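A.B. asks: Can you look at this prediction? I've put the sequence above it.
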Amino acid sequence: MDKDKNTNEIDYDLYKHIEDYTNTMCNMELKRQENILSQSGNLMQLFFILIALFGIIGLLAIEKLFSVPKVGLIVEICVVCVPMLTSFILAVIAQWRFKYKTGINPNILLSDAKQAQESRAAKRAILEQIIESINETQETMKKTNNKRSRIITASFICMFVAIGIFCIYTPSLILI
């Protein structure tokens, strides 16, 4: 009897450690999600800063309008705007609140806990429910964060392509 009690306590402690671990993993995914959303916001700010910068440079180019071919200017604007707008749209999509599986309703767990006041096996079953619930939530959050991460990467690539095109094409257009 004493051996069963010690085994149950060890099992219960093990389940508590697993619960703590799964909570830690879930919190890490939440922090990752916050960082990804922050990157997306920063990318949208960069978009508006670059629009202002390109506008100023465009105004300077208009001063030299007679030496800058109008067709070349229009082509540059179109070529630069496509990857920039793509980058902006991807950043907005990354901000989207994707669905993920939520955990068990705490009232259900509370009800189960009240029924299992003294039984170690019932407490283990409740901890198993909690661990499984947190694990499912963490897995769906991880998949969602991976999607967001790929979207943000594509958005950054598009933004850098736009900046590269602008930096290469504008000087050659003005020097013509």
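C.D. replies: Perfect, I can see it now. Residues are numbered from 1 along each chain as shown.
A.B. asks: Any regions of this protein where pLDDT drops low?
C.D. replies: 1-12, 14-15, 58-59, 61-70, 72-73, 99-123, 171-176 (pLDDT under 70).
A.B. asks: tell me what the longest helix along it is packed against?
C.D. replies: Longest helix in the chain, counting residues (DSSP state H): helix 2-63. Here helix 2-63 touches helix 70-95, helix 120-175, going by 3 or more Cβ pairs under 8 Å, 6 or more residues apart in numbering; DSSP states H and E. Every C-beta, even on glycine, is put in place using the N, C-alpha and C of the backbone.
A.B. asks: show me the contacts for the residue nearest to Ile130 when sequence neighbours are not counted.
C.D. replies: Distance criterion Cβ to Cβ, 6 or more residues apart in numbering; nearest residue to Ile130, sequence neighbours excluded, is Glu19 at 5.7 Å. Going by Cβ atoms under 8 Å, 6 or more residues apart in numbering, Glu19 touches 127, 130-131, 134.
A.B. asks: tell me the contacts of Leu30?
C.D. replies: Leu30 makes contact with Met141, according to Cβ under 8 Å, 6+ apart.
A.B. asks: Pull the contacting residues for Gly41.
C.D. replies: Applying Cβ under 8 Å, 6+ apart, the residues near Gly41 are 91, 95.
A.B. asks: Identify the residue nearest Leu90 in space, chain neighbours excluded?
C.D. replies: Ser155 (3.7 Å).
A.B. asks: Is the one you found in contact with Gln95, as I believe?
C.D. replies: No - using Cβ atoms under 8 Å, Ser155 makes no contact with Gln95, being 10.6 Å away.
A.B. asks: sec struct for Phe98, please.
C.D. replies: Under the three-state scheme (DSSP: H, G, I helix; E, B strand; the rest coil), Phe98 adopts coil.
A.B. asks: Nearest spatial neighbour of it, chain-adjacent residues omitted?
C.D. replies: Thr144 (4.5 Å).
A.B. asks: separation between that neighbour and Ile89?
C.D. replies: Distance, Thr144 to Ile89, using Cβ to Cβ, to the nearest Å: 19 Å.
A.B. asks: The two - which one has more neighbours?
C.D. replies: Thr144 (19 against 14; other Cβ atoms under 10 Å).
A.B. asks: Can you report how many residues lie near Ser133?
C.D. replies: Applying other Cβ under 10 Å, we find 19 residues neighbouring Ser133.
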